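Student: Sequence below, structure please.
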Amino acid sequence: MPEGDTVFHTAAILREALQGKTLTRCDIRVPKFATVDLTGQTVEDVISRGKHLFIRTAEASIHSHLKMEGKWQVNTRPRRPDHKTRIILETKDIQAVGSELGTLEVLKRDHDEEPVKHLGPDLLGPDWDPHRAAQNLTQDPDRALHEALLDQRNLAGVGNVYANELCFIVGRRPTAPVSTVKDPLRLAQRARDMLWLNRNRWNRTTTGDTRPGRQLWVYGRAGQACRRCGTLIESGDRNRHQNLDVVGDLNNLTDRITFWCPLCQP
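Tutor: Alright, predicted model coming up:
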């Protein structure tokens with residue numbers, strides 16, 4: 001599931017493959033931008049901002065958001081696109097393919113910050129500020145903790161996996177009010193630590209154990225024993241979420257399932 005760490009890692013791989021190289025092909029398979037051709041332009045940078053990714057040339061910026069299923073792939077040999085392909089970028093030796101991207105648009109370079117100007121401090125970005133993130137989280141003390149963590153306006157990069165794992169770490173159920181968290185600053189710092197430690201790998205871990213089946217505390221473990229106390233993990237649908245992000249970071253929130261330990265998370 002793409003979260004801030006996944007997007008950061010994806011940006012790093014694309015940056016290494018494309019930065020400083022001239023595009024020899026630009027094939028965008030989104031109707032609104034199908035006529036845009038950046039062939040001949042040089043990729044100056046690739047950056048992530050929360051769950052957003054930008055591939056920048058001097059004149060334009062390709063903005064994408066992976067949502068739930070999206071991915072970018074770098075190939076050393078061109079591969080034939082399929083029906084899931086949304087964009088193909090090529091240089092003389094590299095092909096980068098974006099598939100199933102939830103958002104894909106081409107923006108003017110000097111205005112490409114518009115889609116992310118609403119975001120809170122980026123957990124993996126140069127603007128990270130734990131005090132500001134903690135303040136954002138606590139501005140609505142009655143709000144469910146799981147919702148507050150997912151709201152990208154509070155802090156950018158946390159998705160459903162990390163939201164559930166962070167609730168476990170601080171010993172609160174996903175539905176518990178933010179006001180029940182004793183140390184919001186510590187929570188913000190733990191969120192950053194989790195993403196930072198996973199930023200350079202695909203198989204994330206929040207337990208510190210990278211062995212298969214041992215990476216997570218509660219997420220996806222309904223009916224299994226809690227790693228701390230042995231109580232069976234429970235789960236539930238969060239079907240009363242509001243739309244938390246006007247540009248789509250948190251669409252389809254009815255699909256966000258929560259997980260918790262009844263004993264460790266009173």
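
Student: Sheet partners, orientation included, of the lowest-mean-pLDDT helix or strand in the chain?
Tutor: The helix or strand of the chain with the poorest confidence is strand 234-237; it has a mean of 91 (mean pLDDT, DSSP states H and E). According to DSSP bridges, strand 234-237 forms sheet pairs with strand 257-260 (antiparallel).

Student: Contacts made by the strand it pairs with with the rest, please.
Tutor: Contact partners of strand 257-260, identified using CB atoms under 8 Å, 6 or more residues apart in numbering, comprise 146, 160, 164, 167-168, 173-175, 218-222, 233-238. For every residue, glycine as well, the C-beta is placed using N, CA and C.

Student: Now a ChimeraX select for only the buried ones of those.
Tutor: The following ChimeraX line selects those of the contacts of strand 257-260 that are buried, judged by 16 or more other CB atoms under 10 Å:
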select :146,160,164,167,168,173,174,175,218,219,221,233,234,235,238
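
Student: before we move on, the earlier item: pull the least confident helix or strand of the chain out as PDB, backbone CA atoms only.
Tutor: What follows is strand 234-237 as a C-alpha-only set of coordinates in PDB (Å, rounded to 0.1, in the frame of the first residue of the first chain):
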ATOM      1  CA  GLU A 234      -9.900  -7.100  16.300                       C
ATOM      2  CA  SER A 235     -10.800  -5.100  13.200                       C
ATOM      3  CA  GLY A 236     -13.600  -2.900  12.000                       C
ATOM      4  CA  ASP A 237     -14.700  -0.700   9.000                       C
END
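
Student: Identify the residues contacting stretch 217-226?
Tutor: With CB under 8 Å, 6+ apart, stretch 217-226 has contacts from 160-161, 164-165, 167-169, 206-207, 227-228, 231-235, 259-261, 263-264.

Student: from these, which ones fall inside helices?
Tutor: Judged by DSSP state H, the subset of those located in helices is Asn160, Val161, Asn164, Glu165, Cys167, Phe168, Ile169.

Student: what's the nearest residue to the fifth one once chain neighbours are set aside sitting at in phi/psi?
Tutor: For Cys167, the nearest residue in space outside its immediate sequence neighbours is Pro174; the separation is 5.0 Å by CB to CB, 6 or more residues apart in numbering. With angles defined as degrees, to the nearest 10, Pro174 sits at phi -60, psi -30.

Student: And for Gln73?
Tutor: phi -130, psi 140.

Student: From Val43, how far out is it?
Tutor: Distance, Gln73 to Val43, by CB to CB, to the nearest Å: 16 Å.

Student: Those two: which is more packed in?
Tutor: Val43 (23 against 14; other CB atoms under 10 Å).

Student: wait, the more buried one sits on Gln19?
Tutor: Yes - counting by CB atoms under 8 Å, Gln19 is a contact partner of Val43 at 5.6 Å.

Student: Can you show me the strands along the protein?
Tutor: 25-28, 45-49, 52-56, 60-65, 71-75, 85-90, 95-99, 103-108, 234-237, 257-260 (DSSP state E).

Student: Deepest-packed of those strands, please.
Tutor: strand 52-56 (a mean of 24; mean count of other CB atoms under 10 Å).

Student: and the closest residue in space to Arg227 that isn't next to it in sequence, how far is that from Leu187?
Tutor: Nearest non-adjacent residue to Arg227, counting by CB to CB, 6+ apart: Trp217, 6.1 Å away. Distance of Trp217 to Leu187, computed by CB to CB: 15 Å.

Student: what's the answer for Asp209, then?
Tutor: If you measure Asp209 against Leu187 using CB to CB, the figure is 22 Å.

Student: swap in Thr39?
Tutor: Distance from Thr39 to Leu187, by CB to CB: 47 Å.

Student: and what of Leu150?
Tutor: Leu150 is 14 Å from Leu187, by CB to CB.

Student: got the contact list for the residue nearest to Ile62 when sequence neighbours are not counted?
Tutor: Computed as CB to CB, 6+ apart, the closest residue to Ile62 that is not its neighbour in sequence is Ile55, at 4.2 Å. Contacts for Ile55 (CB under 8 Å, 6+ apart) come out as Leu14, Leu18, Val43, Val46, Ser61, Ile62, Ser64, Leu89.
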